[in-house]
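Q: quick one, fold the following:
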Amino acid sequence: MKNILEENQTTKTNSDRAPSLSERFSRHFEFDGPERPHKREGPPKVYQELKILKFLKLVPWILLITFAISFFWDFEGRTITLFNLTLPLNGLLRIVSVSGLIGFLTNWVAITMLFRPVRRRPLLGQGLIPAHKERIAWRLSTAVSEDLINPDLIKQKLDDSGAVSRYRSAMIDDIESVIRKPAFRKDVKEWLMDYLQDLVREPKVKSSLTRQITEEIEKGLKEKPIERTALKTYMLIRGKTLTDLIADAVDDIPITLERKIDVVDDLLDELPEAIRENTNQLDATVTGLVYTLVNRFDVQALVEENLQKYDEARLEKMIRNATNEQLRTIQYLGAVLGTVGGFVIWQPVYMLILLSAIGVTIWTVDSWLYREKPTQ
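A: Presented below is the predicted three-dimensional model:
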């Protein structure tokens, strides 16, 4: 086996510096942990197959055409008889079409005013969401930090999911696999040799270490005259002071380590089992560190700051992507309800009775279907 010191000297000759510990380890460790769960798909859109919307889109156009026709023909002088009741039809087209268009336009204006105008205008004001963007960001961030991502909830989730233990098991398996590699063990030994050589060559470190060892030896021999005499005799023979002898011994530390370097193999062999014997303490420590980190992390400020970065157009797009079909349905239903209101204007008493009967019937049938629906 090649002399490690000689290999280290060759490495330092061919490069400006020896690889750091992190650089050495990065050659061998590629720990990714357990397989990450697949990204969850978002929940399906509510009423994503709302086929009636296709027909509702036609209602405003039908009302607009009806309104145009009413200028040329509107049941002038005509009546209809139902259940022995004679009802005049004069002006019905215009009443129904105007009421329906008003219902449609009212809902369209209401929905548009959620987002427009983006900037405050002298007369038109500003849209609800742009005007209250900061307030919305603050309320959302508060809800997230207090109810969704708080330290206690994350700690509980870590405990329930067993994520720490899974990552720890994966880490131990990875460590066990890597430390069997001869190349990794060689890198560890080379790093130890480089580190000790650099350490003992540092004048301050060498001086401090020599002084402390010298003081300890002199203190230990203070009450031992025989050993003290033997040491003085040895120093006399060598022609050196105790400090010089200790300094020489410090210089020889890398050589001594080289002779005993194989003990590193034994330590590496014992490392995985040592970790397994302390899994409970390791898991508790990691969980505590995560809890402390999250506890010091201002989730509310982070969420609020990111929401504040959303410009009005992006915020509108986000809301519309989630609720666009519902907003459009509300808009077109305004036309339908307005049309119904037109019939009420035409014949208030009879239409209110009819609408009440229809409403009670729909509510009764809906309640029955809801009770019969199996619990999911």
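Q: now the top helix by length along the chain: buried residues?
A: Secondary structure assigned by DSSP state H gives helix 312-346 as the longest helix of the chain. By 16 or more other C-beta atoms under 10 Å, the buried positions in helix 312-346 come out as 312, 315-316, 325, 327-329, 331-344, 346. To be clear about C-beta, it is placed using only N, CA and C from the backbone, and glycine gets the same treatment.
Q: next: stretch 148-166.
A: Buried residues in stretch 148-166, defined by neighbour count with 16+ other C-beta under 10 Å: 149-151, 154-155, 158, 163-165.
Q: okay, domains of this protein per the record?
A: Domain assignment for the chain by automatic domain parsing gives 4-26+156-299, 57-131+311-372.
Q: quick one: D159 and G288 touch, right?
A: No. At 11.5 Å, D159 does not count as touching G288 under the criterion of C-beta atoms under 8 Å.
Q: want to throw the domains of the chain into a markdown table with mean pLDDT?
A: A markdown table is the format used below for these (pLDDT from 0 to 100):
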| stretch | mean pLDDT |
| --- | --- |
| domain 4-26+156-299 | 75 |
| domain 57-131+311-372 | 87 |
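Q: okay, the ones you listed in CSV with distance to A137 next?
A: As requested, these are exported to CSV (distance: least, C-beta to C-beta, whole Å):
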stretch, distance to A137
domain 4-26+156-299, 13
domain 57-131+311-372, 9
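Q: between the ones you listed, which gets nearest to A143?
A: Closest to A143 of those is domain 4-26+156-299 (C-beta to C-beta; 10.8 Å).
Q: any idea how far that closest one is from the middle of the chain?
A: 37 Å (C-alpha atoms, centre = their mean, to the nearest Å).
Q: which parts of the protein are strands?
A: With DSSP state E as the criterion, the chain has strands at 79-82, 85-88.
Q: most tightly surrounded among those strands?
A: Of all the strands of the chain, strand 85-88 carries the top mean neighbour count, a mean of 11, counting by mean count of other C-beta atoms under 10 Å.
Q: mind listing the strands that one pairs with, and their directions?
A: strand 79-82 (antiparallel) (DSSP bridges).
Q: so D251 versus L231, what's the distance?
A: 19 Å (C-beta to C-beta, to the nearest Å).
Q: try R185
A: Counting by C-beta to C-beta - R185 and L231 are separated by 39 Å.
Q: which of the two has more neighbours?
A: R185 (19 against 16; other C-beta atoms under 10 Å).
Q: quick check: the more buried one touching W191?
A: No. Checked against C-beta under 8 Å, the pair R185 and W191 is beyond contact range at 10.8 Å.
Q: tally of neighbours for L282?
A: Residues lying near L282 (other C-beta under 10 Å) number 17.
Q: actually, L257.
A: So L257, with other C-beta under 10 Å, has 18 neighbours.
Q: now it: closest residue in space, sequence neighbours ignored.
A: Among residues not flanking L257 along the chain, L196 sits closest, at 5.9 Å (C-beta to C-beta, 6 or more residues apart in numbering).
Q: isn't the one you found up against I255?
A: No. Taking contacts as C-beta under 8 Å, L196 lies outside contact range of I255: 10.0 Å.
Q: next up, the contacts around the closest residue to L209 other than its chain neighbours.
A: With sequence-adjacent residues excluded and distances taken as C-beta to C-beta, 6+ apart, L209 is closest to V250, at 5.6 Å. Residues in contact with V250 (C-beta atoms under 8 Å, 6 or more residues apart in numbering) are 200, 206, 209-210, 213.
Q: redo that, cut-off 10 Å
A: Going by C-beta atoms under 10 Å, 6 or more residues apart in numbering, V250 touches 199-200, 205-207, 209-210, 213.
Q: in helices only, show me those.
A: Those of the contacts of V250 lying in helices (DSSP H): 199-200, 205-207, 209-210, 213.
Q: by neighbours, which of the residues you listed wins?
A: Most neighbours among these, by other C-beta under 10 Å: T210, with 21 neighbours.
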